[in-house]
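J.: Following is a predicted model, sequence given first.
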Amino acid sequence: MNQLFFGDNLDVLRESIKDESVDLVYLDPPFNSNRDYNQIFKAPDGSNSHAQIEAFDDTWHWGDEAELEFDEIIHSGNTDIADLIDAFSHFLGKNDLLAYLVMMANRLMELHRVLKPTGTLYLHCDSNASHYLKLVLDAVFNVSGYTNEIIWKRTSAHGDTAQGATHLGRSHDSILLYKKSDAATWNPIYTEHSPEYVKSHYPHTEVETGRRYGLFDITGPGGAAKGNPSYEIFGVTKYWRYSKVKMDEKIASGKVIQPSPGSIPREKRYLDESGGVPLGDVWTDISPINSQAQERLGYPTQKPLALLERIISVSTNPGDTVLDPFCGCGTAVDAAQKLGRQWIGIDITHLAISLIEKRLKDRYKGIPFEIHGTPKDLEGAQNLAERDKFQFEWWACSLVDAVPFKGKKKGADSGIDGVIYFSDAENGDAVNRRIIVSVKGGGNPNVSMIRDLKGTMEREGAPIGIFVTLTEPTKPMKEEAAKSGFYHGGNGKDYHRVQILTIAELLEHHKRPEFPDMTMGSISFKKAKPQKVKDGEMTPLF
């Protein structure tokens, strides 16, 4: 069964993923670029809303957790990685960069463990730490495991010179490719010849068939010293690259011709039989996700589906298992599902897990998969609320399809935990409105919380407010909500302005937020385009 895990990928790998059970690992971890990546959701009018969530904190700090993982590596028994990390600690000092490398080293050792002997790992990174990560991978996989550094041109080299930058435009990412053994799965991919190459190498057109062809040299480079045979064809004696038997076969089939009397015979090759150009390690033909891309979900580090389809196609076969331990918005698991592979995704935020769940259900109707680590019942919800207030709030927002509003480092509580956008009709026109969501996971809810929600609604100009509570609301709370009256929708129906929903009701699907919507559903999140290609088929990559 395909599986999503919420939690620290180090814990999930150690507790839930068996030795040598995975065929391909793709990871696109934070790049240690010393800035926070914020999940920015677009309001329906296209502007950035105030709903910003840290999808992950892309700045790693040296602290107790880093110290603990550093000690684990030193005593892991893997002397290569222990010596390397110890050397890094002397060279770099115990700082943020070392914290990042320690975190990656621990996880890369676990990823090596779960890979089959036929497995491959692709690590997506940029120039900030790629040189250090390559050394870490050399220590984990052995130097012989290194196969390629793929250069993916993700943007034009416009740079930031206008802002005073004194460096060349940074326009590419690196993808480090390591094989666990020489038996690793490898499926060559070919790209199309450029128009310039076709024009210069296949300049002729066969009158009878209309097929393009070119005439290629068949003399043996290096002559006798390279073991090439010498014989005569069409009155010309040379060292040839084919044996006499094979040459006679090609002549009989019309594949070897003499362009003019006395000239050196050449081989006739058709363009449609050339197979294309073997895929190299510089990829310029896959564009990044731009603001107009249909597959764009609003996730800041989202990678194009075609990039992951290419990687998965090269290094796996149908039915193989793909693992993404930093799965973000789920492009790797989406590509794996599309190509008929099994998949495992891991992420440390409920935001990512809920986004992937929605993406997969939008794209693949009725797709079965398991989600681990997210609450399945009231007891699980209570446990999450006690462990992590903010993760509980993000998860509760996902139950009502709300965009989480409050970042985990935000200071004062604004009274808003989530926002639901909906489209209504007003005087014959469509208008976008928003619903304020307030989540309470601890303590005893009371009537003042409903009054606070009403005050927030008034301040924000929101026609509807949703109060999501882990515990049962009191009678005064229900009465205060009822006093708020109704919102009259453009469809002629009335909706309670303040709606109280319990976690138990949402988990059991007994109640849902009620509001008018001309689009037949919340417009808070961009809907992933349904997949029309059958599983196992691949859309053109070039």
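T.: Here it is on my side, so go on. Since this is a predicted model, take the numbers as computed values, not measurements. Numbers count the residues shown, from 1 in each chain.
J.: which residues touch K238?
T.: By C-beta atoms under 8 Å, 6 or more residues apart in numbering, the residues touching K238 are T219, G220, S230, I264. Placement of C-beta: from N, CA and C, glycine included.
J.: Settle this for me: the first one is touching I264, isn't it.
T.: It stands for T219. Yes: between T219 and I264 there is a contact at 6.8 Å, judged by C-beta atoms under 8 Å.
J.: before we move on, the earlier item: among the contacts of K238, list the two that are farthest apart in space.
T.: Across those, the longest distance by C-beta to C-beta is 13.6 Å; it joins S230 and I264.
J.: Where does pLDDT dip in the stretch 351-500 of the chain?
T.: Along the stretch 351-500 of the chain, the model assigns pLDDT under 70 to residues 406-413.
J.: before we move on, what about the stretch 151-300 of the chain?
T.: For the stretch 151-300 of the chain, residues meeting the criterion pLDDT under 70 lie at 156-163, 291-294, 296-300.
J.: okay, now L323: neighbour count?
T.: Neighbourhood size, L323 [other C-beta atoms under 10 Å]: 29.
J.: Shouldn't it be within a strand?
T.: Yes: when classified by DSSP: H, G, I helix; E, B strand; the rest coil, L323 is found to be part of a strand.
J.: Keep only those of the contacts of K238 that are in strands.
T.: Per DSSP state E, strands hold the following members of those: S230.
J.: Double-check that L121 belongs to a strand.
T.: Yes: counting by three-state DSSP, L121 is located in a strand.
J.: confidence score at it?
T.: Note on L121: pLDDT of 98.
J.: Would you mind confirming that it is in contact with H112?
T.: Yes: in terms of C-beta under 8 Å, L121 counts as a neighbour of H112; the distance is 7.5 Å.
J.: Which neighbours do these two have in common?
T.: F141, K180.
J.: Who has more neighbours out of the two?
T.: L121 (26 against 20).
J.: now that one: how far from D19?
T.: Counting by C-beta to C-beta, to the nearest Å, the gap from L121 to D19 is 15 Å.
J.: Could you do S414 as well?
T.: For S414, the distance to D19 equals 47 Å [C-beta to C-beta].
J.: Same drill for the two, tell me which one is more crowded.
T.: Ranked by neighbour count (other C-beta under 10 Å), S414 and D19 place S414 first, with 14 against 9.
J.: Break the chain into its domains for me.
T.: 3-162+169-188+279-372, 191-277, 378-507 (automatic domain parsing).
J.: how far does the last one sit from the chain's center?
T.: To tie it back to what came earlier, the one meant is domain 378-507. 31 Å (C-alpha atoms, centre = their mean, to the nearest Å).
J.: What of the first one?
T.: Using C-alpha atoms, centre = their mean, the mean C-alpha position of domain 3-162+169-188+279-372 is found 8 Å from that of the whole chain.
J.: Could you tell me which residues make contact with D64?
T.: Counting by C-beta under 8 Å, 6+ apart, D64 has no contacts.
J.: if we can go back for a sec, to E514, which of the domains of the chain lies closest?
T.: For E514, the closest of the domains of the chain is domain 378-507, at 5.1 Å, according to C-beta to C-beta.
J.: Would you work out how far apart the start and end of that closest one are?
T.: One end of domain 378-507 to the other measures 8 Å (C-alpha to C-alpha, to the nearest Å).
J.: show me the biggest helix of this protein in terms of residues.
T.: helix 96-114 (DSSP state H).
J.: As a quick check, tell me the outermost residue of the chain.
T.: Farthest-out residue of the chain from its mean C-alpha position, per C-alpha atoms, centre = their mean: G235, at 60.8 Å.
J.: shouldn't it be in contact with G262?
T.: Yes: assessed by C-beta under 8 Å, G235 is found in contact with G262 at 7.0 Å.
J.: hey, where'd the helices end up in the stretch 351-500 of the chain?
T.: 378-387, 389-399, 447-460, 475-482 (DSSP state H, counting those that start in this stretch).
J.: Let's have those in JSON lines, adding distance to I151.
T.: Listed next are these as JSON lines, based on distance: least, C-beta to C-beta, whole Å:
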{"stretch": "helix 378-387", "distance to I151": "41"}
{"stretch": "helix 389-399", "distance to I151": "36"}
{"stretch": "helix 447-460", "distance to I151": "47"}
{"stretch": "helix 475-482", "distance to I151": "58"}
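J.: Name the residues linked to the nearest residue to E460 once chain neighbours are set aside by a beta bridge.
T.: Nearest residue to E460, sequence neighbours excluded (C-beta to C-beta, 6 or more residues apart in numbering): I436, at 5.9 Å. Beta bridges link I436 to V419, G465 when assigned by DSSP bridges.
J.: Could I get the contacting residues of I436?
T.: G415, I416, V419, L453, T456, M457, E460, A462, I464, G465, I466.
J.: can you pick the most crowded of the residues you listed?
T.: Ranking those using other C-beta under 10 Å puts G465 first, with 28 neighbours.
J.: Next, work out how far apart I464 and I436 are.
T.: 8 Å.
J.: For the residue nearest the centre of the chain, list the residues it contacts.
T.: With distances taken as C-alpha atoms, centre = their mean, the residue of the chain nearest its centroid is T331 (3.6 Å). Neighbouring residues of T331 by C-beta under 8 Å, 6+ apart: Q302, K303, P304, L305, L307, L308.
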